[in-house]
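Trainee: Only the shape, not the letters, is given here:
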């Protein structure tokens, strides 16, 4: 807002692009209006006249059709201050990185560029631009309705609230759960063997042994002890015959 030489733009980023993650697509499928409410709040906060929802429209379910239906319903009800445009992200890794996202919306390749300038200073069509993940916007909408004390009722003092986690156990099936930050990893992965490989955080994440993971909780303060981070909220347990180093290679 302080950089406003031109009217800002806001973008809801639902193109997580993490190969193992399904949380953003699931959220947009199940609760599109929660994300769109948060996007309107963000637009109002910075005085934006452009709002874009950027996502993989055909990942898993037909998310695009679901979102178009939600946007039409909101337009008919006249509830939005800023009309939202739906933009499709290309199916490639890093298409959700904020500078890659802006390059794609401007008609270029969806690859990151160097900063500065930061997109909050000069972003979409040269305007200051705010890019927020769809999960953050959904949280924003709920905090606006229910207050910060409600949000802080779960999680830890340092990292309050909940998050969507994509958990894949040895069968490979993804389970999307809303969990409080600080939940024991044992509750997500079960009582895995000491030497099993467990991936925390996704593509930029960290491999742990089952023995290490069982004693940790899903928050950055706890995970820092093993040089890991929550990241995209991905927790993967490999089958007993798979090696984390081989899977990485």
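Mentor: The structure has been received and is ready for your questions. Bear in mind that the values here come from a model prediction, so they are computed numbers and not experimental data.

Trainee: Name the residues of the worst-scoring helix or strand of the chain on mean pLDDT that are buried.
Mentor: Lowest by mean pLDDT, DSSP states H and E among the helices and strands of the chain is helix 244-248, with a mean of 86. Buried residues in helix 244-248, counted by 16 or more other Cβ atoms under 10 Å: residue 244. Where you see a C-beta, it was placed from the backbone N, CA and C, and this is true even at glycine.

Trainee: can you check stretch 219-234 too?
Mentor: For stretch 219-234, by 16+ other Cβ under 10 Å, it's 219, 222, 223, 228, 230, 231, 232, 233, 234.

Trainee: Also stretch 166-183?
Mentor: So, applying 16+ other Cβ under 10 Å, buried residues of stretch 166-183: 166-170, 174, 176-177, 179-183.

Trainee: export those residues to a markdown table and tack on distance to residue 40 and pLDDT?
Mentor: Converted to a markdown table, the buried residues of stretch 166-183 look like this (distance: Cβ to Cβ, whole Å; pLDDT from 0 to 100):
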| residue | distance to residue 40 | pLDDT |
| --- | --- | --- |
| 166 | 27 | 93 |
| 167 | 31 | 94 |
| 168 | 34 | 89 |
| 169 | 37 | 85 |
| 170 | 42 | 79 |
| 174 | 30 | 85 |
| 176 | 25 | 93 |
| 177 | 27 | 93 |
| 179 | 27 | 97 |
| 180 | 27 | 97 |
| 181 | 26 | 97 |
| 182 | 30 | 97 |
| 183 | 31 | 97 |
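
Trainee: Out of those, which comes closest to residue 156?
Mentor: Taking Cβ to Cβ as the measure, residue 156 lies nearest residue 182 of the buried residues of stretch 166-183, at 4.2 Å.

Trainee: who touches that closest one in this structure?
Mentor: Neighbouring residues of residue 182 by Cβ atoms under 8 Å, 6 or more residues apart in numbering: 155, 156, 159, 217, 218, 219, 222.

Trainee: same question, residue 42
Mentor: Residue 42 sits in contact with 10, 12, 48, 130, 132, 137, 140, where contact means Cβ under 8 Å, 6+ apart.

Trainee: Out of these, which two sit at the greatest distance?
Mentor: Going by Cβ to Cβ, the pair spanning those furthest: 48 and 140, at 14.1 Å.

Trainee: more neighbours, the two?
Mentor: Between residue 48 and residue 140, residue 48 has the larger neighbour count (other Cβ atoms under 10 Å), namely 25 against 21.

Trainee: tell me the SS of that one?
Mentor: Under DSSP: H, G, I helix; E, B strand; the rest coil, residue 48 falls in the coil class.

Trainee: do the same with the one 10 residues further on
Mentor: What three-state DSSP gives for residue 58 is coil.

Trainee: pretty sure it contacts residue 64?
Mentor: Yes - Residue 58 is within contact range of residue 64, at 6.3 Å (criterion: Cβ atoms under 8 Å).

Trainee: Who has more neighbours out of these two?
Mentor: residue 64 (16 against 13).

Trainee: Would you tell me which one of the buried residues of stretch 166-183 comes nearest to residue 147?
Mentor: residue 180 (17.2 Å).
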